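*Asks:* with the input below, show me the fold.
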Amino acid sequence: MHDAVLGAELLGRGAIGGFAVMAVLDATGALQYRVTQRGGVCALEMPASWQSARVAAIISSGPDRPEPLTQFLAGAGGVGLVTGHRLPNTQGEDGTALNRAALDRLAEGQAPQQAVDAVLQAHAEWDAGLVAIDAQGRLGMANSARARRRDDLGEFRRATAGASLGLLHNSIYARGDLAAQLGELAWSRLRGLAPRSCFLVLVDAVPLVSASRDCVHVDAQGTIVALETANPRLAGLDRVSTAVYLGADVRRDGVLVGAAATELYVRIRAGAACPVALPAQNRLLARMNDVEA
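*Replies:* Down below sits the predicted model:
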């Protein structure tokens with residue numbers, strides 16, 4: 001899910017790149033949180049052990065939301081997690097937040113879809129969508145009747161015997177079906193599949209070399225090691241600008257492996273592209289060809 005949110009920050013515009021809350025049930029079933037008010041998902045300092053967590057959830061939108069940020073993502077050790085979009089923390093008729101009410105139903109033994117449906121059907125005109133996952137990995141998700149009337153919604157859901165993934169979004173605008181793009185990206189990570197998209201990152205300053213065609217050269221880890229540009233003005237700039245243009249070739253060891261699906265907007269100085277302070281801004285998403293990525 002981390003990569004899906006990062007993908008939204010790079011591919012889209014709108015309610016992204018601000019606050020983020022991520023939660024996992026760790027190997028012992030205990031609940032753990034990481035939160036940030038600004039900077040989006042890249043500002044979350046996640047332990048390496050979270051990479052193997054069986055149950056995880058995230059919520060992110062614009063910056064500076066009411067504290068505590070954990071109110072936006074309800075969780076309980078050994079029970080599950082309930083995230084969502086719009087205002088999943090809004091109090092219901094009985095004063096209990098909608099996401100917490102769904103979590104309480106999970107604790108009582110209800111299946112996630114049953115819990116989500118019960119809460120949202122009882123609060124049809126509340127502005128919320130919920131995604132619930134229990135400690136066994138079962139998934140449930142839905143929007144309230146009010147939220148379903150929006151024309152800016154995205155949804156992705158996939159489940160197999162061994163894995164489940166759910167995604168809801170609104171107020172994020174991008175080319176194409178954003179939910180499908182993000183869902184496929186997250187699913188490939190979850191299942192260990194050969195990715196059709198991958199993140200490339202600018203770690204150190206690299207020279208901008210004049211060439212007849214734009215190209216990003218990367219190593220096996222996806223680190224940018226060289227940049228070629230057909231823009232004759234780019235290397236002479238001294239400001240933040242687009243160092244990698246949309247559609248630029250991506251090559252590894254000289255072999256064409258894909259194309260840039262987003263742009264790299266970083267500091268240009270002394271003929272080189274230099275990383276900037278915001279971590280997400282040093283990354284771009286590339287569409288990979290039918291080769292090992």
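
*Asks:* residue boundaries of the helices in this structure?
*Replies:* In the chain, the segments counted as helices under DSSP state H are 2-11, 98-107, 112-121, 145-148, 178-191.

*Asks:* between the last one and helix 2-11, how many degrees?
*Replies:* Relative orientation of helix 178-191 and helix 2-11, computed by axes from the mean of the first three to the mean of the last three Cα atoms, to 10 degrees: 150 degrees.

*Asks:* now for helix 178-191, which elements pack on it?
*Replies:* Contact analysis of helix 178-191 by 3 or more Cβ pairs under 8 Å, 6 or more residues apart in numbering; DSSP states H and E lists helix 2-11, strand 154-159, strand 164-169, strand 197-201 as its packing neighbours. Just so you know, the C-beta spots here come from the backbone N, C-alpha and C atoms, and that holds for glycine as well.

*Asks:* who's in contact with that helix?
*Replies:* Identification of contacts with helix 178-191 by Cβ atoms under 8 Å, 6 or more residues apart in numbering yields 1, 3-4, 7-8, 11-12, 154-158, 163, 165, 167, 169, 172, 174, 193-197.

*Asks:* which among these end up buried?
*Replies:* Buried members of the contacts of helix 178-191, counted by 16 or more other Cβ atoms under 10 Å: 1, 3-4, 7-8, 11-12, 154-156, 158, 165, 167, 169, 172, 174, 195-197.

*Asks:* how much space separates residue 19 from residue 67?
*Replies:* Separation of residue 19 from residue 67 (Cβ to Cβ, to the nearest Å): 10 Å.

*Asks:* neighbour-wise, which of these two wins?
*Replies:* Using other Cβ atoms under 10 Å as the criterion, residue 19 and residue 67 rank with residue 19 on top: 21 against 9.

*Asks:* surely the more buried one meets residue 69?
*Replies:* Yes - under the contact definition of Cβ atoms under 8 Å, residue 19 touches residue 69, with a separation of 6.0 Å.

*Asks:* common neighbours of these two, please.
*Replies:* With the criterion set as Cβ under 8 Å, 6+ apart, the overlap between the contacts of residue 19 and residue 69 is 35, 36, 37.

*Asks:* in TSV: those, plus pLDDT and distance to residue 59.
*Replies:* Compiled in TSV, those are given as follows (pLDDT from 0 to 100; distance: Cβ to Cβ, whole Å):
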residue	pLDDT	distance to residue 59
35	98	10
36	97	12
37	97	13
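
*Asks:* now which of those residues would you call buried?
*Replies:* Restricting these to buried positions leaves 35, 36, with burial counted as 16+ other Cβ under 10 Å.

*Asks:* closest one to residue 137 out of the shared contacts of residue 19 and residue 69, please.
*Replies:* residue 35 (23.6 Å; Cβ to Cβ).

*Asks:* just list whatever residues bridge to that closest one.
*Replies:* Partner residues in beta bridges with residue 35: residue 21, with DSSP bridges as the criterion.

*Asks:* isn't it right next to residue 41, touching?
*Replies:* No - Residue 35 is not in contact with residue 41 according to Cβ under 8 Å; the separation is 11.2 Å.

*Asks:* what sits in contact with each of these two?
*Replies:* 20, 22.

*Asks:* quick one, which of the helices of the chain is nearest to residue 276?
*Replies:* With Cβ to Cβ as the measure, helix 2-11 is the member of the helices of the chain nearest residue 276 (14.1 Å).

*Asks:* in a markdown table, list the helices and strands packed on helix 178-191 along with distance to residue 282.
*Replies:* As requested, the helices and strands packed on helix 178-191 are arranged in a markdown table below (distance: least, Cβ to Cβ, whole Å):
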| stretch | distance to residue 282 |
| --- | --- |
| helix 2-11 | 11 |
| strand 154-159 | 26 |
| strand 164-169 | 23 |
| strand 197-201 | 6 |
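
*Asks:* for the stretch 151-293 of the chain, what are the low-confidence residue spans?
*Replies:* Counting by pLDDT under 70, the ranges of the stretch 151-293 of the chain that qualify are 290-293.

*Asks:* recalculate using a threshold of 90.
*Replies:* With pLDDT under 90 as the threshold, the stretch 151-293 of the chain has low-confidence stretches at 161-162, 175, 189-197, 278-279, 290-293.

*Asks:* okay, now the domains of the protein?
*Replies:* As given by automatic domain parsing, the domain ranges for the chain are 2-193, 198-288.
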